[in-house]
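Undergrad: just the structure for this:
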Amino acid sequence: MSLFSQRRTPESSKTEPSRTTTTDSVTISPSGGGRTIKASIKVDSKNESRVEPIRAKLGQRVMLSVTSSTPDQVEVSGYGLIKPLSERASARFDFIADIPGKHKIKLLDSGNEIGLLVVKAPSQ
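TA: Residues are numbered from 1 along each chain as shown. Model prediction:
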């Protein structure tokens, strides 16, 4: 289900997001002219998540929050980012998407892949 709409600005022919996009457990809230990607992933009791890839352009800020009912560790592969996850506290990441490619978001203890970050150059 997508609640995403586009609007054109008079100053440019580019479209910019005007609402929040929600797909299953990922919420992407554009802010600052599309410079920050805010995403949240909610992992169910089976340590599974069904989400669409999180897409960012090279140089964009990514703010990611992962919540779960079971303790684990969350890794954003390729970035060397690992955070603890507990039933009481979310794992929160805040970084610049400066490595192009596909990066798995996974739970280290269970080994489950819970998401994917896709980083592309602005022209792609």
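Undergrad: relative to residue 118, how far out is residue 71?
TA: Between residue 71 and residue 118 the computed distance is 28 Å (Cβ to Cβ, to the nearest Å). Backbone N, C-alpha and C define where each C-beta goes, glycine included.
Undergrad: same question for residue 94.
TA: For residue 94, the distance to residue 118 equals 18 Å [Cβ to Cβ].
Undergrad: these two: which is more packed in?
TA: Comparing residue 94 with residue 118 by other Cβ atoms under 10 Å, the one with more neighbours is residue 118, at 16 against 12.
Undergrad: now the helix or strand in which the more buried one is found: buried residues?
TA: Assigned by DSSP states H and E, residue 118 falls within strand 113-120. Residues 114-119 are the ones in strand 113-120 that count as buried (16 or more other Cβ atoms under 10 Å).
Undergrad: please tell me how far the residue nearest to residue 115 when sequence neighbours are not counted sits from residue 76.
TA: The shortest distance from residue 115 to any non-neighbouring residue, by Cβ to Cβ, 6 or more residues apart in numbering, is to residue 105 (3.7 Å). Per Cβ to Cβ, residue 105 is found 6 Å from residue 76.
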